[in-house]
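# Whatever this is, show me its structure:
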Amino acid sequence: MLAQPPVWLIVIAFICAIGPLVFIHELGHYLVAKLFGVGAETFSIGFGGEITGWTDRSGTRWKVGWLPLGGYVRFVGDEDHAGEGEQPRIQARGDRFASKSVWQRFLIVLAGPMANFVLAIVIFACFFAVLGVPRTPNMVVAVQAGTAAASAGLRKNDRIEAVAGQPTPTFEDVQRIVALRPGETVMLRVARDGATALLKAKLGVHEEQDRFGQKYQVGLLGVFAAGRHLEPVPATQLIPEATRYTWVLTATTFEGLVQIVTGRRSVEELGGPLKMAQVAGQQASLGPFQFVQLLALFSINLGFINLLPVPVLDGGHLLFYAMEAVRRRPVSVQAQEWAFRGGLALLLALLLFTTVNDLGSFGLWERLGRLIG
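I've put the predicted structure just below:
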């Protein structure tokens with residue numbers, strides 16, 4: 001088991017992970033806004049007081065704040081977008097965010113999360129170009145005795161074509177779907193001797209431990225493949241393959257969130273900034289390859305979270321613009337204010353909850369309990 005990385009490495013790794021991802025996110029907003037002729041007041045990485053910055057020729061203030069937990073672009077005529085109260089400079093009406101059509105405002109806001117997905121796609125495409133695409137055949141080469149696979153009647157040379165109604169063209173797909181369902185009963189569609197069989201399997205619960213001693217539960221089927229296979233792909237297929245891979249990971253993220261909300265997974269699995277910092281430090285200690293891979297996963301999570309229809313997040317703005325397009329008039333200012341207050345309260349409560357979770361995963365509450373006891 002590896003030792004936890006030092007605090008200084010955790011802090012530096014977290015900043016090196018979050019900073020670029022926030023920059024890419026806000027750059028997506030900024031570039032599409034520029035495309036539609038919207039002026040920008042401020043481009044900030046981080047919140048709070050300015051550490052350093054400069055003003056470009058168009059009058060945009062580019063700055064770095066002392067709190068590296070996000071960022072924003074304040075557009076002309078969109079003082080609420082950044083969540084701060086400075087008054088925008090007086091500029092031509094055509095430069096104002098609010099003067100643009102609803103579909104242009106929608107695309108400007110959507111561009112932020114999409115930029116994070118694009119970054120993940122580019123990273124995975126680079127990995128695939130160097131290493132190949134993971135395409136381990138979905139054929140069973142061995143069945144572990146006493147497991148869900150054995151009880152369900154899986155045999156050697158069976159091909160697992162679907163698990164829980166989801167297609168599994170590769171063994172990686174089988175592992176991904178099974179891992180998310182510890183203890184659940186699932187249907188397996190299996191190709192056997194030229195025919196198709198439907199098998200019911202109650203997945204086992206397996207506790208795994210990573211190299212840093214952190215434990216987590218995954219589903220267990222109990223089958224083995226013929227070893228991981230990485231398949232080279234032509235350059236023309238790199239982006240499509242990386243896009244498909246990013247979509248699969250995004251869908252997995254969504255499914256995991258649904259399981260937590262519906263009570264199928266413990267809320268203790270929710271992590272916040274402290275957990276992200278710890279994971280960033282751990283992966284950085286393993287090497288640049290693992291750290292860049294983590295950047296791709298963080299980027300997907302950042303894009304996904306910002307698309308949630310929660311006021312204050314990009315998804316909340318997109319929801320209001322969609323309602324405006326349908327109603328042919330904006331949602332009232334009062335309704336938006338109440339929604340944004342509720343959204344902010346929800347985010348603050350979630351931040352507090354995940355911080356408590358993170359401290360618990362670090363063993364803080366257990367140590368305090370021993371001291372008190």
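
# Low-confidence stretches in the chain?
For the chain, the stretches flagged by pLDDT under 70 are 1, 78-94, 362-371, 373.

# ranges for the strands of it?
According to DSSP state E, the chain carries its strands in the segments 40-55, 61-75, 133-134, 142-143, 159-163, 166-167, 185-192, 195-202, 204-209, 215-220, 223-224, 230-231.

# list the buried ones in the first one?
To tie it back to what came earlier, the one meant is strand 40-55. Buried positions in strand 40-55, judged by neighbour count with 16 or more other Cβ atoms under 10 Å: 40-47. Glycine gets a C-beta too; all of them are placed from N, C-alpha and C.

# For that strand, what is the distance to the chain centroid?
25 Å (Cα atoms, centre = their mean, to the nearest Å).

# Mind giving me the packing neighbours of that strand?
helix 7-35, strand 61-75 (3 or more Cβ pairs under 8 Å, 6 or more residues apart in numbering; DSSP states H and E).

# Out of the strands of the chain, which gets nearest to Leu318?
strand 61-75 (15.6 Å; Cβ to Cβ).

# Please write out the alpha-carbon positions of the closest one in CSV.
Written as CSV, here are the backbone C-alpha positions of strand 61-75 (Å, rounded to 0.1, in the frame of the first residue of the first chain):
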residue,chain,number,x,y,z
ARG,A,61,-10.0,42.2,-17.3
TRP,A,62,-8.3,38.8,-17.1
LYS,A,63,-7.5,38.0,-13.5
VAL,A,64,-6.7,35.2,-11.0
GLY,A,65,-8.6,35.1,-7.7
TRP,A,66,-7.3,33.7,-4.4
LEU,A,67,-10.0,31.0,-4.0
PRO,A,68,-9.4,28.3,-6.7
LEU,A,69,-12.9,26.8,-6.6
GLY,A,70,-14.3,28.0,-9.8
GLY,A,71,-14.3,31.0,-12.1
TYR,A,72,-16.6,33.2,-14.2
VAL,A,73,-16.9,35.5,-17.2
ARG,A,74,-18.9,38.6,-16.6
PHE,A,75,-20.4,39.8,-19.9
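
# elements contacting that strand?
Under the contact rule (3+ Cβ pairs under 8 Å, 6+ apart), strand 61-75 is packed against helix 7-35, strand 40-55.

# could you dump the ones you listed to a markdown table with distance to Lys200?
Below are the helices and strands packed on strand 61-75 laid out as a markdown table (distance: least, Cβ to Cβ, whole Å):
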| stretch | distance to Lys200 |
| --- | --- |
| helix 7-35 | 42 |
| strand 40-55 | 51 |
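
# These: which one's closest to Glu324?
helix 7-35 (17.9 Å).

# And the closest one, what's buried?
10, 12-14, 17-18, 21-30, 32-33.

# same thing with stretch 138-147?
Neighbour-count burial for stretch 138-147 [16+ other Cβ under 10 Å]: 138, 140, 143, 147.

# Distance to Val130 for those residues - can I get that in CSV?
Shown next, in CSV, are those (distance: Cβ to Cβ, whole Å):
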residue, distance to Val130
Asn138, 24
Val140, 30
Val143, 34
Thr147, 35
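
# Which single one of these is nearest to Val76?
For the buried residues of stretch 138-147, the nearest to Val76 is Asn138 (53.7 Å; Cβ to Cβ).

# what sits against the most centrally placed residue in the chain?
For the chain, Asn301 is the residue whose C-alpha lies nearest the centre (Cα atoms, centre = their mean; 1.1 Å). For Asn301, the contact set (Cβ atoms under 8 Å, 6 or more residues apart in numbering) comprises Thr253.

# Am I right that Leu270 is in contact with Thr355?
No: taking Cβ atoms under 8 Å as the definition, Leu270 is not a contact partner of Thr355, at 10.4 Å.

# picking that back up, can I get the helices and strands packed on strand 40-55 in JSON lines with distance to Phe212?
Below are the helices and strands packed on strand 40-55 laid out as JSON lines (distance: least, Cβ to Cβ, whole Å):
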{"stretch": "helix 7-35", "distance to Phe212": "12"}
{"stretch": "strand 61-75", "distance to Phe212": "23"}
